[in-house]
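Trainee: Just to be clear, the model below is a prediction. Sequence and coordinates:
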Amino acid sequence: MTRRSITLSGTVRHSKLEGGFWTLAADDGRTYQLDGGDGGLYHDGQRARVTGRIAADAAGIAMSGDILRVESYEVG
Amino acid sequence: MMKKWMAVAAAVSVLWWTGALLGSRGNEAEMASGSAAILATEPMETASAEVERVPGELLVDLRDDATPEAERELARRYHLTLEETGPSSHDIKVMKAEVSEADEDAMIEGLSHEPLVESAEPNYVYRALAVPNDPLYKYQWHMDQIHGPKAWDLGQGNGVIVAVIDTGVAYEDNGRFKRAKDLAGTKFVAGWDFIHRNDHPDDDHGHGTHVAGTVAQTTNNNEGVAGVAYKAAIMPIKVLSAQGMGNVGDIAEGIRWAADHGAKVINMSLGGSGFSRVMKNACDYAKQKGVAVVCAAGNNGQQRVSYPAAYPACIAVSATRFDEEVTWYSNYGKEICVAAPGGDTRVDQNGDGYPDGVLQCTISRTDPAQSSYELYQGTSMASPHVAGVAALIISQGIKDPDEVREVLQKTARPKGSGRGDIKYGAGIIDAAAAQRLAMDRAGVRRTLELAGAGAVALLGLRIAAGEALLAGPAALVAACGLWFAPSGWLPVALRHPLAELDTWALGASAQANPIVYSVLLPLVLMVLVFGWRPGRLVAAGLTLGMAAALSDAALFGSTDVAWIPGTAGWLDGAWLLGNAALCLLLARAALGRGRKS
C-alpha cells in the first residue's frame, strides 16, 4: 500500500545510528528515512527537494520516521 | 558409607553417558526427518570457566636449596628460560617458563622427575567470575552494565533457539558470503530468507549479524568479543533487504515461521511507525505458541514507541548508554518494558579511547565476506541484550512468555521514577539476577513435583532411612538438578534435570528427544545394577526423579517430543505422562524388592 506522491524540501542527513542510513530532515519538522534515488542525492548536509511516496507498509532498521521512496529529486 | 557414595557417583555417570550416546543417535534421525537441523555444534560445556590454563606457560617450583648454577643447568638441558614469577619468588623459587603448547605435557612429565624440581604444572589463572577470554571483551562495557560475567557462572542459554528477524546473519560460507569470524563456534538452526525466498538467509547489510552477535557471539574462543547467551542457537530469518528495509507482510510471515520452527525467543530490531493488524496478529500468534517476542522501541527520540515494540504481545526495549542514562535517540512511553544498553557513539564516557557503541563482530558494509568488529548504536542494539537474557531465563526452565517478562522486570535495576518509568520501564536488565530468579523458581517448582512423585511411588511401601539416603539425592539430581548450589560450584548441566541432557549433549533442538524423555534410560540403568542393592536404590531414586521431570515437561514445558505427531499436543503429553507412570512403577518395583519384609 503506497500513498500518492508528495514533494518535500529539507536537508539530507547521514544518520550514525544502526550502522548508518540516510534521512531527509524536512522543513515541516519531520524526519523521513530515504529509500531509492542515486548517489547524487546522498551528501550529508545537502539541501534537496524530494518527490516520492510514503511506504506505509514498510519497516526497517532505522525506526526514525516514515520511509520515503524517492521518485525524483532536485538538489540545492 | 564411602562405598555407597561411590555407588551414587558411578550410577549417575552410567546413566549420563548412556543417555548421551543414545541421544546422539536419536538426533541424527531427527535431522533426517527434516526438523530444525543443527548446522554447527560445539562440544558440551563441562564447567563454567573459573580456572583457566594459560597456554604455553608452566609454573616450575624448584627446591629451595637449588643453586643458581643448578638452575641454569636445568634450564639449558630443557631449553627453557626460567623467569621469576614475582618479588617473593626469590625465596620460594617458583619460576615461570614459556614452552610450546605441543610440548607442554611432555615437559611437565620430564621436569617432574628432576631432583631439583618440587613440582611442575600448567599455569592456571583463577578467576572469581566467568570473565571471557575474548581479547576485545574489555571494550564491551555493555556486557558489564547488564552483569554478564556474574550471569555466565549460572548458565549461557544452552538449548534455547533465538530467532533474529533482521537483514540476515553471516552464518555460513555461501558464494560471496562468509561466516563472520566471531560466529565460528556459535550454534545455528535452519532459518529462511523472505526477501529472496530461499533457505539461505545470509546478511547483505551487517545489521542482522551485529544483532545476532549480541545474542550469541562465540565466547571464550580467544577471539573478538562476547555474546549474552552464547550457548543459545540462532535462527536467522531475513526479512529486510540490503538497504535494511522490508514490508510488513514478510516480517509477519517471518514471525510465524520462527514460532512454527521451535524459536523460544524472537528478536526484532526493526520497526515502522504504522499500526498493522497483520503484524500484531503474528506477534500474538508467536506469544500464544510460547515465544518471548523482544523488540526495539525505535530511534525517533520521542515519546512514541514504534511498532512492533508497541504491540501488547511484545517486550519493548529502550536504549541506555555507559552512564546508564537513556540515550538521546531512544523512543519511550508507557509500553517500555525494560531498558538495555544501546550505546552512544558521540561520547567516550568510560575513557577507553573508543566511542561508547555496542561492540560486536559483523560484516563490512561493502563486502559481506569481510568480518569486522563494529561499534553500533541504536535501540536495535538494546533489544538483543534483552533477547539474550530471555534465552538465559528460558534455559533455566521458565517457559511461559509472560513469566519471562515478569522475571525480566522483577530483576531489572529500577531507574528514573521507579518500576514503571516512562523511559526505563522496570529498569535496566540484570542478566545475573534474572537467571538466578529463573533458576530458583523452576527449581522450587520441580522440587515440589518431585515430592508429589515420591509420595505416589512410596505409597504403601515402608522405606528405611538408609534407603532414602541413597535414593533421595539421586531423585533430586534427576528431577531438579542441584539448582540451589551457589554460583560457580557446579558444572551448569548438573543444575538442570537429567532429562535435559539431550540439549547439553547435542545443543539446541526444537524438540525433545523421545529416547531421553522416556522410561528407557532408567530401565537400562536398572537392568545393569539390579543385582546390587545400593546401585538399585540409586537407580530407583533416579527413576523417581525422571518421573517428576517427565511430568514437569508434560504439564509446564509445552514440550514437543520428536517423532510424535502434532506440536506439543495431547499425544506428546500422553507420551510424557505415560512414561512418567512407567517410571513410577519401575521405581516402586525396585524399592519393593529392596525392602526387607
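Mentor: Perfect, I can see it now.
Trainee: Off-centre distance for stretch B:360-377?
Mentor: 24 Å (CA atoms, centre = their mean, to the nearest Å).
Trainee: Ok, stretch B:140-156 next?
Mentor: Using CA atoms, centre = their mean, the offset of stretch B:140-156 from its chain centre is 12 Å.
Trainee: what about that stretch, how long is it end to end?
Mentor: 17 Å (CA to CA, to the nearest Å).
Trainee: average pLDDT across it?
Mentor: On average, the pLDDT along stretch B:140-156 is 94.
Trainee: That one and chain A, are they touching?
Mentor: No. Using CB under 8 Å from any CB of the partner chain, stretch B:140-156 stays clear of chain A, coming no nearer than 15.6 Å. Where C-beta positions appear, they are placed from N, C-alpha and C, glycine not excepted.
Trainee: again with stretch B:161-180
Mentor: Yes. Applying CB under 8 Å from any CB, one finds stretch B:161-180 touching chain A at B:D166, B:T167.
Trainee: Looking at that stretch now, give me its mean pLDDT.
Mentor: Averaging pLDDT along stretch B:161-180 yields 97.
Trainee: Would you mark the buried spots in it?
Mentor: Residues of stretch B:161-180 classed as buried by neighbour count (16 or more other CB atoms under 10 Å in any protein chain shown): B:161-172, B:177-180.
Trainee: Looking at the residues you listed, which are in strands?
Mentor: Using DSSP state E, the members of the buried residues of stretch B:161-180 that fall in strands are B:I161, B:V162, B:A163, B:V164, B:I165, B:D166.
Trainee: between those residues, which is closest to B:A553?
Mentor: B:I161 (16.8 Å; CB to CB).
Trainee: mind checking how far that closest one is from B:V169?
Mentor: B:I161 is 13 Å from B:V169, where distance means CB to CB, to the nearest Å.
Trainee: Also B:V225?
Mentor: Distance from B:V225 to B:V169, by CB to CB: 16 Å.
Trainee: Bridged to the residue of chain A found nearest chain B, which residues?
Mentor: Of all residues in chain A, A:A59 sits closest to chain B, at 3.4 Å by CB to the nearest CB. Under DSSP bridges, the beta-bridge partners of A:A59 are B:G246.
Trainee: Ok, the one 10 residues further on next?
Mentor: As for beta bridges, A:R69 partners with A:D35, A:R53 under DSSP bridges.
Trainee: okay but it is in contact with A:T51, surely?
Mentor: No. Under the criterion of CB atoms under 8 Å, A:R69 is not in contact with A:T51, lying 10.2 Å apart.
Trainee: more neighbours, those two?
Mentor: Here A:R69 and A:T51 are compared on neighbour count by other CB atoms under 10 Å in any protein chain shown; more neighbours surround A:R69, at 17 against 14.
Trainee: distance between stretch B:335-352 and the chain's centre?
Mentor: With CA atoms, centre = their mean, you get 24 Å for stretch B:335-352.
Trainee: try stretch B:443-451
Mentor: The answer for stretch B:443-451 is 22 Å, by CA atoms, centre = their mean.
Trainee: how close does B:P368 get to chain A?
Mentor: According to CB to the nearest CB, to the nearest Å, B:P368 stands 13 Å off from chain A.
Trainee: Spatially nearest residue to that residue (excluding sequence neighbours)?
Mentor: Closest residue to B:P368 apart from its sequence neighbours, by CB to CB, 6 or more residues apart in numbering or on different chains: B:F177 at 5.2 Å.
Trainee: and if you look at B:M268?
Mentor: Nearest residue to B:M268, sequence neighbours excluded (CB to CB, 6+ apart): B:C295, at 4.6 Å.
Trainee: does the one you found have beta-bridge partners, and which?
Mentor: When assigned by DSSP bridges, B:C295 has beta-bridge partners B:M268, B:A316.
Trainee: okay, now it: neighbour count?
Mentor: 33.
Trainee: I figured B:P355 was touching B:R346, is that so?
Mentor: Yes. Between B:P355 and B:R346 there is a contact at 7.1 Å, judged by CB under 8 Å.
Trainee: list the contacts for B:T559?
Mentor: B:A512, B:Y517, B:A553, B:A568, B:D572, B:L576 (CB atoms under 8 Å, 6 or more residues apart in numbering or on different chains).
Trainee: separation between the second one and chain A?
Mentor: To tie it back to what came earlier, the one meant is B:Y517. 39 Å.
Trainee: ok, now the third one?
Mentor: Here B:A553 is placed at a distance of 37 Å from chain A (CB to the nearest CB).
Trainee: Neighbours of that residue, how many?
Mentor: B:A553 has 27 neighbouring residues, counting by other CB under 10 Å.
Trainee: That one looks like it's in a strand, true?
Mentor: No. Per DSSP: H, G, I helix; E, B strand; the rest coil, B:A553 lies outside any strand segment and is helix.
Trainee: How about B:L82: what's its closest non-neighbour residue?
Mentor: B:M95 (4.1 Å).
Trainee: For that neighbour, grab phi and psi.
Mentor: phi -110, psi 150 (degrees, to the nearest 10).
Trainee: burial count for B:K399?
Mentor: Residues near B:K399, counting by other CB under 10 Å: 18.
Trainee: what's the answer for A:F21, then?
Mentor: Around A:F21 there are 23 residues (other CB under 10 Å).
Trainee: In the helix or strand B:E83 falls within, which residues are buried?
Mentor: Assessed by DSSP states H and E, B:E83 sits inside strand B:82-84. Within strand B:82-84, the residues that count as buried by 16+ other CB under 10 Å are B:L82.
Trainee: Sheet partners, orientation included, of it?
Mentor: Here, using DSSP bridges, strand B:82-84 pairs with strand B:94-98 (antiparallel).
Trainee: Go through the strand it pairs with and flag the buried ones.
Mentor: In strand B:94-98, counting by 16+ other CB under 10 Å, buried: B:V94, B:M95, B:K96, B:A97.
Trainee: Closest one to chain A out of the residues you listed, please.
Mentor: Distances from chain A to the buried residues of strand B:94-98, taken by CB to the nearest CB, are shortest for B:K96, at 43.5 Å.
Trainee: So which bits of the stretch 101-250 of chain B are right by chain A?
Mentor: Counting by CB under 8 Å from any CB, the residues of the stretch 101-250 of chain B near chain A are B:166-167, B:205-207, B:210, B:240, B:243-249.
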